[in-house]
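> Mind folding the following:
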Amino acid sequence: MTDNPIRRVVILGNGVAAWLAALVLSKIVPRPCLVSVVDEPRNAGTNPLWEVGDSSLAPIRSLHRLIGIDERDFMRSTHATFKLGTEYVGWGNSGDSFFQPFGILGAPLEGIPFHHHWLRAQSRGDLSQYSLCAVAARRGRFTHPSEDLRSVLSTLDYGYHFDAELYRDFLRTRAEEQGVVRVSADVTSVQLRADGFIEALLLDGARQEADLFIDASGADATLIEGALATGFEDWSGLLPCDRILAIHCASAAEPKPMTVCTARENGWEWHAPLQGLASRGYIYCSRYSTDEQAYSDLEARLEGETGGDPLYLRYVNGRRAKAWNRNCIAIGSAAGFIDPLAATQLHLIQSGLAKLARLFPTRNQMTRESEEYNRLVAEEYEHLRDFVATHYYLSADRSGAFWQSFERAALSSSLNHKLRVFKSRGRVVLYDGETFDESNWANVLLSAGVKPAHADALAQTLPIEQVQRQLDRMRAAIAQAAETMPPQAKIIQQYCAANLSSQKSAGR
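Numbering: from 1, shown residues only. Prediction:
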């Protein structure tokens, strides 16, 4: 039984975080709770690329199912393509490429994680050859996963590349269709109660009261920071990149279902294929590169005509001291920002909303819920910070002052412990609430040349000949399955082709 339920929720923001929050809350809050979004006209020109990037992790599909989004409709509306993982080019001590796939990477033998067996039989190919997602993505192939667990196609998993502006518009339309009230007005001030809780947003000629406020205002953090002065934990010492340059360009090549992240002199560059276009960008540190230098570097590698002017964003890696303060919950970049190398921006929005759904409060009871929410959010942000920082840290022997600065980086105690244990025995320490699993961590570390000093004792119990035979069969089955999959371009054309007539030759 719910005592004193939340009667009204006000969401401040006009991006993906705001409209996803509106859709989720309209599904989970008890009726007759009213959900409204204050969409400020002064921020209408803000590009949602900054808050979500242009790609997702695989779990976004679960959120879409929850809020009733049809995949074909979403992909046509946002000019989306499929994503089976990310190719990292020039990372790690060797400067080689490695692939971080969705889906299953290898398979345990006798209950022992796959990477331990791979270490005993390295002559059986690199790690990516044991992932159907990786092999298929590099060949430009795609198919939907099989529900038959006996099929190698059941090991597939996927996310998307999409146009962030079109995604925001798509979500806003769906939310309004489901009864979410959109209020178009700028916030002039925030009125607090005597106990420090937010009472109302004062708008141009209006007033929005609520029991619960969602701050989805992006880096402005109008409520969680501007009104409540919550505080911010700065992680620039570990993740120093602070600039994003983004642009769309024409692409003649058929899109491959993967993002490519390439290490460059002062940061890294991404390439994400959309239908008819490519999203390109450069993440860099302003201490080592100017905006003009970054654009010159990126422009030299663009394969087609650009669409519109380049977009620039300044940001700081870190998180709010509390994501839930009093009766205000920050979602998306209002709650924090982590270098987008692992494409976690949209996932953090989704994860924050999932936690809120499980801890949704009543009007007179928020203290215990907010404490638990803040604990979970803080842990997730810190684990993701460590995962992203590992990529940089293991590339510190690259030439150039930017990369060599990571030799002096002060790693967190949790990451130091994880690295020490892996370097000793190849064991991956996983903490509660980690986004990336054991195979993801092992893949990053082994691909960067981190080799354990000692073999795992349990893995030695299997005869090496048996291990080699099973790895050979696994690799052959994956290669054969990938070869039979159709090109992604064919699937998109048959399944979810967008109407691109409104696009210019190289951009919207």
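
> At which residues are the helices of the stretch 351-500 of the chain located?
Read by DSSP state H, counting those that start in this stretch, the stretch 351-500 of the chain holds these helices, from start to end of the chain: 367-393, 401-404, 413-425, 438-447, 464-484, 488-495.

> any chance you could map the strands in the stretch 101-250 of the chain?
Listed in chain order, the strands found in the stretch 101-250 of the chain under DSSP state E, counting those that start in this stretch are 159-161, 181-183, 187-192, 198-203, 206-209, 212-215, 232-234, 243-250.

> Using a markdown table, lay out the ones you listed together with mean neighbour count, distance to residue 293 and mean pLDDT.
Glycine gets a C-beta too; all of them are placed from N, C-alpha and C. Rendered in a markdown table, the data for the strands of the stretch 101-250 of the chain read as follows (neighbours: other CB atoms under 10 Å; distance: least, CB to CB, whole Å; pLDDT from 0 to 100):
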| stretch | mean neighbour count | distance to residue 293 | mean pLDDT |
| --- | --- | --- | --- |
| strand 159-161 | 26 | 27 | 98 |
| strand 181-183 | 16 | 41 | 95 |
| strand 187-192 | 14 | 37 | 97 |
| strand 198-203 | 19 | 41 | 97 |
| strand 206-209 | 14 | 44 | 94 |
| strand 212-215 | 30 | 35 | 98 |
| strand 232-234 | 13 | 25 | 98 |
| strand 243-250 | 21 | 10 | 93 |
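
> For stretch 114-130, what is the distance to the chain centroid?
Taking the mean C-alpha point of stretch 114-130 and that of its whole chain, the gap between them comes to 27 Å (CA atoms, centre = their mean, to the nearest Å).

> Skip the chain neighbours and tell me the closest residue to the residue positioned nearest the centre of the chain.
Residue closest to the mean C-alpha point of the chain, counted by CA atoms, centre = their mean, is residue 344 at 1.8 Å. Leaving aside its sequence neighbours, residue 344 sits nearest to residue 384 (CB to CB, 6 or more residues apart in numbering; 5.4 Å).

> Now do the one you found, the pLDDT please.
pLDDT recorded at residue 384 is 98.

> ditto for residue 17
Among the per-residue scores, residue 17 shows a pLDDT of 97.

> for the one 4 residues further on, same thing?
Per-residue confidence for residue 21 comes out at a pLDDT of 98.

> contacting residues for it?
For residue 21, the contacting residues are 11, 13, 214, 216, 331, 349, 353, by CB atoms under 8 Å, 6 or more residues apart in numbering.

> and the two most separated of those?
With distances taken as CB to CB, the most widely separated pair in those is 13 and 353, at 13.0 Å.

> More neighbours: those two, which one.
A direct count of neighbours by other CB atoms under 10 Å for residue 13 and residue 353 places residue 13 higher, at 30 against 24.

> Neighbouring strands - and their directions - for the lowest-mean-pLDDT helix or strand in the chain?
The helix or strand with the lowest mean pLDDT-type score in the chain, counting by mean pLDDT, DSSP states H and E, is strand 306-314 (a mean of 86). In the sheet containing strand 306-314, the strands it pairs with under DSSP bridges are strand 243-250 (antiparallel).
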